[in-house]
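*Asks:* The following block contains a protein sequence and its predicted model.
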Amino acid sequence: MATSEKPVMVVGLDDSEHSSYALEWTLDRFFVPFGSEQPFKLFIVHARPPTSSVLGLAGPGAVEAIPIVDADLKRMALRVVEKAKDMCLKKMVNDVSIEVVEGDARNVMCEAVDRHHASILVVGSHGYGAFKRAVLGSVSDYCAHHAHCSVMIVKKPKLNH
């Protein structure tokens, strides 16, 4: 009897609460209910921004700041990875790979989809308005148009007071 490989799900993760919510939402709906018979191979991917993109056009003093900024980005990536491991451990999701890839999040996510032959990409939505999305760019919008798989955009519900 031939065994077939599980389809692959890639979840994009950054240090935002929207992203954490998307991961938790995904784990609760696509992994926890299935126990050890999880229907997907899970890859969690964090896009670490290049140091140069954070410094931008900082001027002549930027050279001294490079090691400091780089160390901060590495610490942030470590926090994101630890949070993902923690969340998966608490929900008993063990068949997971976590990656940190340097680059623009839009490209990193689409490249992860191709590299892992993913069936689905899950990203959170920050809920930016049209102007902020136009200025900052939207990872979820970009991925929805460029990823070579289905893209699920998870929005954190707004609380009504």
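*Replies:* On my side now, so go ahead. Numbers count the residues shown, from 1 in each chain.
*Asks:* which residues touch the nearest residue to His146 once chain neighbours are set aside?
*Replies:* Of all residues not flanking His146 in the chain, Cys110 sits nearest, at 5.2 Å (CB to CB, 6 or more residues apart in numbering). C-beta here means a position set from N, CA and C on the backbone, and glycine is covered the same way. Neighbour list for Cys110: 142-143, 146-148 [criterion: CB atoms under 8 Å, 6 or more residues apart in numbering].
*Asks:* Among those, name the buried ones.
*Replies:* Buried by 16 or more other CB atoms under 10 Å: 142-143, 147, out of the contacts of Cys110.
*Asks:* Sort out for me which of these are in helices.
*Replies:* Members of the buried ones among the contacts of Cys110 lying in helices (criterion: DSSP state H): 142-143.
*Asks:* need the buried ones among the contacts of Cys110 in TSV with distance to Ser16 and pLDDT, can you?
*Replies:* Shown next, in TSV, are the buried ones among the contacts of Cys110 (distance: CB to CB, whole Å; pLDDT from 0 to 100):
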residue	distance to Ser16	pLDDT
Tyr142	16	92
Cys143	15	95
Ala147	19	97
